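**Student:** Sharing a model that was predicted from the sequence below.
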Amino acid sequence: MARRGTSSSARRSIFHYLPDDILVRCLSFLTHKHRFKVAALVCKRFRQLCLAPQLLRCVQLATVGEHAVPRCSGLVTFMRAHAQHVHRLTLHACISEAQPDEAPEEELGDPQLRQELRQALQQCYAALGAAGAAEEVVLSAATPVADAAWLASLPRLRVVWVGTDDAVLELPAGFSQLQLREAGLRGSAVRLADPCLPPSLTRLHLAGNGAADVLPEQLPRLSSLLALELLDTRLPSEVLSGLTALPNLRALQLDGQALPSCLPALTQLKQLELHSTEELLGSEVETVRSALASLTGLACLVFGCYPLLSLPREATHLVGLRRLLFFTPLVPPSPEGLPLAAPSARPWLAGIRWLGLPFVVAARSVPALRAAAQLEYLGLVDVPVLGNPWEEEPEEGEPSEEEAATWQRFWAFCAEHPPLRALGLDADEAEEAELTMPLLDALVALAQRRPALAIRRTPARPLGQQLDWCRSSVRARGEFFHLWEEIANHAALPDLE
């Protein structure tokens, strides 16, 4: 009998002897799905621990299609029971990810399902507002918000992203009294019940036509603003003349927005992101060149402006640059994409730590990149191809001697450059390129030659499978940001394990 008792005791799991706080810490590393569908079913103790308040502070849900309605209905039940513990809510919920202004009606999904989803989400928002504990609410651009009155019931709110392109966003009375640090607002129109946005804002993201309702009057009042991001706002450039009145502005993103003539005067900027798929006017090209010559305090530059096929030579004035991402929207880049022709133009590379380039530019720039003595992360914005990837009818047979030599030189640089810690391969968002045999051979050889070098790939994922679009929400473990998000947002080199 003693032997049996000893055997029964020995069969007990080690988890039986761990205190609750240690188990809760272990459970925190599981996703919500695994926590509630796996761990909670182990035993009664695990089920109770899975509902510990500290495990309910961050709630994320991404759901698309006909299953969105029952999943959001389940979220309503959860929020009614536990909303008092929820500090951060991140949602991407829709029947279809098709753009309402671009897709036919049949691609938007069943109207009845869309209505049911709006009702379920509104009940979820109401439960969140009734609890009043939320500090961060991040809703994707596809997640509908029929009524935003609940925002005024969240006195602890510090971060909010809300609104869709095809609907009017009406911000309630009392919104200006919130002590917000960060706001992302999107809508066909944005209406304020209060006379102003919260003056405490340090980051403001505006997307869509609704920016025209907010920015002209509000910009001079946002004296605490550190970062301003404009996405497809199509504002007249003169509206942005008020940027010069923001003494604390350090980061500016203009994506699909006319470039303001005052850009070269914003000498306090530390981070600048310029992205345009529409052809720049002659005056805008001159504005870009003047800005790169005068903004000598920039530490981070993300640059992709059509039809510029290379980074303007004025970028060599940016001797304080630490992060650079250069790409060419719509068209292939010039192989001489960086202003590296003259040796005197290369000292600006000495301080760069993170660098993102099209492969053809990186490969042709290897001799100059050896001067980048602090380069620890080299990211490629496209998948490397041996030969010319933009030939409509590529010639059959072996690559030319020059192409083969350039290919080998690049991989040798990756294997030999002492400070390099990571090589990133960023898939194209529109169409993932295939990993060719020459590329696989090169990667295997590189891994064998330099085992400590982290080789990473950030494959394109549907929006419904990622919750990092705003750079605020907690990213899913085991996933990476895309290269442009890493360069523009990460304070340190991302986890390479």
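**Tutor:** Arrived safely, thanks for sending.

**Student:** Could you point out which residue ranges in the protein have low pLDDT?
**Tutor:** Applying pLDDT under 70 to the chain flags residues 1-12, 98-108, 330-332, 334-346, 388-397, 427-434, 458-482, 484, 490-497.

**Student:** those helices in it, which residues are they?
**Tutor:** Using DSSP state H, the helices of the chain run over 2-10, 20-27, 32-37, 44-50, 68-82, 111-131, 211-218, 282-294, 359-364, 366-369, 401-416, 437-449, 483-489.

**Student:** Residue 456 against residue 443, yeah?
**Tutor:** No: assessed by C-beta atoms under 8 Å, residue 456 is found out of contact with residue 443, at 11.1 Å. Using the backbone N, CA and C atoms, a C-beta is placed for each residue, glycine as well.

**Student:** Most tightly packed of the helices of the chain?
**Tutor:** When the helices of the chain are scored by mean count of other C-beta atoms under 10 Å, the highest mean neighbour count falls to helix 359-364 (a mean of 23).

**Student:** Point out the other helices and strands that it packs with.
**Tutor:** strand 377-380, helix 401-416 (3 or more C-beta pairs under 8 Å, 6 or more residues apart in numbering; DSSP states H and E).

**Student:** at 10 Å instead, please
**Tutor:** Packing contacts for helix 359-364, counted by 3 or more C-beta pairs under 10 Å, 6 or more residues apart in numbering; DSSP states H and E, involve strand 354-357, strand 377-380, helix 401-416.

**Student:** Now do that helix: distance to the chain's middle.
**Tutor:** Centroid separation for helix 359-364 versus its chain: 25 Å, with C-alpha atoms, centre = their mean, to the nearest Å.

**Student:** residues shared between the contacts of residue 456 and residue 443?
**Tutor:** The contact sets of residue 456 and residue 443 overlap at 423, 425 (C-beta atoms under 10 Å, 6 or more residues apart in numbering).

**Student:** circling back: can you tell me which of the helices of the chain comes nearest to residue 324?
**Tutor:** helix 483-489 (7.7 Å; C-beta to C-beta).

**Student:** helices and strands around the closest one, which ones?
**Tutor:** strand 251-255, strand 271-276, strand 300-305, strand 323-326, strand 354-357, strand 377-380, strand 422-426, strand 454-458.

**Student:** if you set the cut-off to 8 Å instead, what comes out?
**Tutor:** Applying 3+ C-beta pairs under 8 Å, 6+ apart, one finds that helix 483-489 contacts strand 300-305, strand 323-326, strand 354-357, strand 377-380, strand 422-426.

**Student:** got CSV for those, with distance to residue 51 and mean neighbour count too?
**Tutor:** Below are the helices and strands packed on helix 483-489 laid out as CSV (distance: least, C-beta to C-beta, whole Å; neighbours: other C-beta atoms under 10 Å):
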stretch, distance to residue 51, mean neighbour count
strand 300-305, 42, 21
strand 323-326, 42, 22
strand 354-357, 41, 24
strand 377-380, 40, 23
strand 422-426, 39, 21
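
**Student:** which stretch among the ones you listed comes nearest residue 134?
**Tutor:** strand 300-305 (30.6 Å).

**Student:** partner strands of the closest one, parallel or antiparallel?
**Tutor:** Counting by DSSP bridges, the strands paired with strand 300-305 are strand 271-276 (parallel), strand 323-326 (parallel).

**Student:** can you give me the angle the longest one makes with helix 282-294?
**Tutor:** The directions of strand 271-276 and helix 282-294 differ by 160 degrees, with axes from the mean of the first three to the mean of the last three C-alpha atoms, to 10 degrees as the criterion.

**Student:** contacting residues around strand 271-276?
**Tutor:** Contact with strand 271-276 is made by 227, 229, 250-257, 259, 288, 291, 295, 298-306, 329, 488, as judged by C-beta atoms under 8 Å, 6 or more residues apart in numbering.

**Student:** ok, 6 Å please
**Tutor:** Residues from elsewhere that reach strand 271-276 (C-beta atoms under 6 Å, 6 or more residues apart in numbering): 251-255, 298, 300-306.

**Student:** do you know which of the strands paired with strand 300-305 lies nearest residue 96?
**Tutor:** Nearest of these (C-beta to C-beta): strand 271-276, 26.2 Å.

**Student:** neighbouring contacts of stretch 368-379?
**Tutor:** 340, 346, 349-350, 352-356, 419, 421-424, 426, 483, 493.

**Student:** got it, and stretch 404-416?
**Tutor:** By C-beta under 6 Å, 6+ apart, the surrounding residues in contact with stretch 404-416 are 363, 366, 386, 423, 442, 446, 449, 450.

**Student:** how distant is it from the center of its chain?
**Tutor:** Its chain's C-alpha centre and that of stretch 404-416 lie 30 Å apart, by C-alpha atoms, centre = their mean.

**Student:** hang on, the earlier thing: could I get the contacts of stretch 404-416 as TSV with distance to residue 374?
**Tutor:** Formatted as TSV, the contacts of stretch 404-416 follow (distance: C-beta to C-beta, whole Å):
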residue	distance to residue 374
363	21
366	17
386	29
423	16
442	25
446	21
449	22
450	18
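
**Student:** And for residue 451, the neighbour number?
**Tutor:** Counted with other C-beta atoms under 10 Å, the neighbours of residue 451 add up to 7.

**Student:** Run through the residues that contact residue 120.
**Tutor:** Listed by C-beta under 6 Å, 6+ apart, the contact partners of residue 120 are 72, 73, 76.

**Student:** Can you tell me the closest non-neighbouring residue to it?
**Tutor:** Leaving aside its chain neighbours, residue 120 sits nearest to residue 72 (4.1 Å; criterion: C-beta to C-beta, 6 or more residues apart in numbering).

**Student:** do residue 221 as well
**Tutor:** residue 196 (5.5 Å).

**Student:** Leaving out sequence neighbours, find the closest residue to residue 293.
**Tutor:** Spatially, and ignoring its direct neighbours in sequence, residue 293 is nearest to residue 314 (4.2 Å; C-beta to C-beta, 6+ apart).

**Student:** For the one you found, give its distance to residue 296.
**Tutor:** 10 Å (C-beta to C-beta, to the nearest Å).

**Student:** Next: residue 63.
**Tutor:** Residue 63 is 47 Å from residue 296, by C-beta to C-beta.

**Student:** Show me which of these two is the more surrounded one.
**Tutor:** Shown here are residue 63 and residue 296; by other C-beta under 10 Å, residue 63 has more neighbours (21 against 12).

**Student:** didn't that one look like it was pressed against residue 93?
**Tutor:** Yes: using C-beta atoms under 6 Å, residue 63 makes contact with residue 93 at a distance of 5.3 Å.

**Student:** circling back to that earlier point, nearest to residue 161 among the helices and strands packed on helix 483-489 would be which one?
**Tutor:** strand 300-305 (20.3 Å).

**Student:** Show residues contacting that closest one.
**Tutor:** Residues outside strand 300-305 that contact it (C-beta under 6 Å, 6+ apart) are 271-276, 280, 323-327, 329, 484, 488.
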